[in-house]
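Colleague: sequence-free structure coming up:
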């Protein structure tokens, strides 16, 4: 966080430390990238206070990624779709008394479980860090800098209110080791291309035909190339694989999220749009060429924990960054050329391998 950043006007409160053996609940329901950012808060708290028991509340569609996490004592799973006004998991949540509850999400949906928990300390962000009236659920509203820092850095502000000043801490992400045959026979260095995004964020995708051109250029340079795709994304991967038969198909649905995480640990570079798999790769220590569009890279870019870092690309247009949910002509993405992305891959591999 930038020490020169101006803070919003809000009353300052002295930090009150957690008692020994405290139990803390962290709430981050979605989306995939933001859940991964929240794992930095988990790791920072676990390293600074190994005596603290950490529980976590997450939506069911991302729970499999956190199951068995060594720093999370208990994982509460929130159903994304339910006919119940108050999901049963929240009634179970009330059976535990917490020394502190930290809302890392800051919206109305996350405020409900915060309100229902038994805790005298319910921490969240003051506006504009919280939205939709969620701040009314907190007993302690923590001031945030202006402009807002990276999503992962926001969690450190809540830890400071607990008397914990932690450095940036690499998240821990449970992963499943992929089958040995997955990359067998591919040249090294190995570049993994992930052309998909969620259907909701389709306008953030880099064109498939450019991924195909990139795959051929990299293979012609003697690099190994793999194409990963998630459920319902096979139609995106097929044109790339048809255009470049030397590339290896990686079915993310068959691997699961944790299997995909394990696979990304074995590649030299990942090329992906602003999407969950990009942040899985970064959390696993992979080095990424991130193809960004409308989002603010200073808030949502991939996190780096070594000197090699990432290459974060976007085409600068006057309207970015923006918060639009759709765009008929996303030039911030479409303006990225194959030449520019190829050169970014080569720069990153040069830093990594010399």
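Modeller: Yes, it's here. Nothing here was measured: the structure is a model prediction, and the numbers come from that model.
Colleague: show me where pLDDT drops low in this structure?
Modeller: For the chain, applying pLDDT under 70 flags the ranges 1-14, 83.
Colleague: and the helices in it?
Modeller: Shown for the chain, the helices assigned by DSSP state H span residues 32-48, 60-66, 88-93, 108-116, 151-161, 208-220, 234-243, 252-264, 276-283, 297-300, 331-334, 338-353.
Colleague: give me the buried positions along the second one.
Modeller: Meaning helix 60-66. 61, 62, 63, 65, 66 (16 or more other Cβ atoms under 10 Å). Every C-beta, even on glycine, is put in place using the N, C-alpha and C of the backbone.
Colleague: could you do the last one as well?
Modeller: Neighbour counts using 16+ other Cβ under 10 Å place 338, 341, 342, 344, 345, 346, 348, 349 of helix 338-353 among the buried residues.
Colleague: show me what that helix is in contact with.
Modeller: Here helix 338-353 makes contact (Cβ atoms under 8 Å, 6 or more residues apart in numbering) with 189, 191, 206, 210, 213-214, 217-218, 223, 268-269, 271, 287-289, 291, 307-311, 313.
Colleague: and which of the buried residues of helix 338-353 is nearest residue 199?
Modeller: residue 341 (23.1 Å; Cβ to Cβ).
Colleague: one step back: from the contacts of helix 338-353, list the buried ones, please.
Modeller: 189, 191, 206, 210, 213-214, 217-218, 223, 268-269, 271, 287-289, 291, 309-311, 313.
Colleague: show me the contacts for the residue nearest to residue 69 when sequence neighbours are not counted.
Modeller: Leaving aside its sequence neighbours, residue 69 sits nearest to residue 174 (Cβ to Cβ, 6 or more residues apart in numbering; 5.6 Å). The neighbours of residue 174, taking Cβ under 8 Å, 6+ apart as the test, are 65, 66, 67, 68, 69, 70, 258, 261.
Colleague: list the contacts of the second one.
Modeller: Which is residue 66. Counting by Cβ under 8 Å, 6+ apart, residue 66 has contacts 35, 39, 56, 58, 72, 75, 174.
Colleague: okay, which residue of the chain is out on the far edge from center?
Modeller: Relative to the centre of the chain, the most outlying C-alpha is that of residue 220, 32.1 Å out, by Cα atoms, centre = their mean.
Colleague: please report how far it lies from residue 193.
Modeller: Distance of residue 220 to residue 193, given as Cβ to Cβ, to the nearest Å: 15 Å.
Colleague: residue 24 is nearest to which of the helices of the chain?
Modeller: Closest of the helices of the chain to residue 24 is helix 32-48, at 6.9 Å (criterion: Cβ to Cβ).
Colleague: list the buried residues of the closest one.
Modeller: Buried, per 16+ other Cβ under 10 Å, within helix 32-48: 32-46, 48.
Colleague: ok, of the residues you listed, which one's closest to residue 120?
Modeller: residue 45 (18.5 Å).
Colleague: would you confirm that the closest one contacts residue 54?
Modeller: Yes. Using Cβ atoms under 8 Å, residue 45 is in contact with residue 54, at 6.1 Å.
Colleague: and the strands in the stretch 51-200 of the chain?
Modeller: Ranges of strands in the stretch 51-200 of the chain, per DSSP state E, counting those that start in this stretch, are 53-59, 74-78, 100-103, 122-125, 140-142, 145-146, 190-194.
Colleague: now do the first one: which elements does it pack against?
Modeller: Right, strand 53-59. strand 23-27, helix 32-48, strand 74-78 (3 or more Cβ pairs under 8 Å, 6 or more residues apart in numbering; DSSP states H and E).
Colleague: switch to 10 Å and redo it
Modeller: Judged by 3 or more Cβ pairs under 10 Å, 6 or more residues apart in numbering; DSSP states H and E, strand 53-59 is in contact with strand 23-27, helix 32-48, helix 60-66, strand 74-78, helix 88-93, strand 100-103, helix 108-116.
Colleague: got it, and the second one?
Modeller: With contacts defined as 3+ Cβ pairs under 10 Å, 6+ apart, the packing partners of strand 74-78 are strand 23-27, strand 53-59, helix 60-66, helix 88-93, helix 108-116.
Colleague: most tightly packed of these?
Modeller: Among these, the stretch with the highest mean neighbour count (mean count of other Cβ atoms under 10 Å) is strand 23-27, at a mean of 24.
Colleague: can you tell me the strand partners of that strand and which way each runs?
Modeller: strand 53-59 (parallel), strand 100-103 (parallel) (DSSP bridges).
Colleague: pull up the distance across stretch 170-184, start to finish.
Modeller: Stretch 170-184 has its terminal residues 29 Å apart, counting by Cα to Cα, to the nearest Å.
Colleague: tally of neighbours for the residue nearest to residue 117 when sequence neighbours are not counted?
Modeller: In space, and not counting its chain neighbours, residue 117 is closest to residue 101: 5.0 Å by Cβ to Cβ, 6+ apart. As a burial measure, residue 101 scores 28 neighbours (other Cβ atoms under 10 Å).
Colleague: which of the strands of the stretch 51-200 of the chain is buried the deepest?
Modeller: Counting by mean count of other Cβ under 10 Å, strand 100-103 has the highest mean neighbour count of these, with a mean of 28.
Colleague: kindly reformat the contacts of residue 174 as JSON lines containing distance to residue 276.
Modeller: Formatted as JSON lines, the contacts of residue 174 follow (distance: Cβ to Cβ, whole Å):
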{"residue": "65", "distance to residue 276": "9"}
{"residue": "66", "distance to residue 276": "13"}
{"residue": "67", "distance to residue 276": "17"}
{"residue": "68", "distance to residue 276": "19"}
{"residue": "69", "distance to residue 276": "17"}
{"residue": "70", "distance to residue 276": "22"}
{"residue": "258", "distance to residue 276": "13"}
{"residue": "261", "distance to residue 276": "11"}
